[in-house]
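Participant: Provided below are the primary sequence and the corresponding predicted coordinates.
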Amino acid sequence: MLVGVSEQFLITLELKGVGYRASVQAKSLVLNLGYSHPVNIDIPDGVEVEVVQNTTLNIKACDKEQLGLFAAKVRSWRPPEPYKGKGILYKGEKILRKAGKSGK
């Protein structure tokens, strides 16, 4: 069987941060990422977005390239930062944490 035909490709994104939430309204993905406004991203044709919890997104598509581009577009709004570990992460991604300022 061919992956993409019999079963769709899947990318899971996790939102880590206080107040970070996601929801799907019609054909757009609404993200609350700590900005003063919600972020609306149009979902392209052929891509399905499912919000499992408020902080977990399952993105499915038959076209692997289109799936990767959409996932990268969503992730670009809050890439993971190394000091607190907040942001939008791929499932299973490890963030290399940095030490902050050392106090006197």
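Facilitator: Done, it's in. Numbering: from 1, shown residues only.
Participant: So in terms of bridging, what pairs with the most centrally placed residue in the chain?
Facilitator: In the chain, the residue lying closest to the centroid (C-alpha atoms, centre = their mean) is residue 13, at 3.9 Å. Judged by DSSP bridges, the bridge partners of residue 13 are residue 57, residue 90.
Participant: Against residue 71, how distant is it?
Facilitator: Separation of residue 13 from residue 71 (C-beta to C-beta, to the nearest Å): 6 Å. All C-beta spots, glycine's among them, are computed from the backbone N, C-alpha and C.
Participant: Common neighbours of these two, please.
Facilitator: Shared contacts of residue 13 and residue 71 (C-beta atoms under 8 Å, 6 or more residues apart in numbering): 59, 90.
Participant: Ramachandran coordinates for residue 75?
Facilitator: Main-chain torsions, residue 75, degrees, to the nearest 10: phi -70, psi -30.
Participant: which residues touch it?
Facilitator: 13, 87, 88, 89, 90.
Participant: let's see 10 Å
Facilitator: By C-beta atoms under 10 Å, 6 or more residues apart in numbering, residue 75 lies in contact with 11, 13, 87, 88, 89, 90, 93.
Participant: Show me where this structure has its strands.
Facilitator: For the chain, the strands defined by DSSP state E cover 9-16, 21-25, 28-32, 39-42, 47-53, 56-61, 87-90.
Participant: List the buried residues for the first one?
Facilitator: Of the residues in strand 9-16, those with enough neighbours to count as buried (16 or more other C-beta atoms under 10 Å) are 9, 11, 12, 13, 14, 15.
Participant: any idea how far residue 86 is from residue 52?
Facilitator: To residue 52, residue 86 is 20 Å away according to C-beta to C-beta.
Participant: the more surrounded of those two?
Facilitator: Per other C-beta atoms under 10 Å, whichever of residue 86 and residue 52 has more neighbours is residue 86, with 18 against 11.
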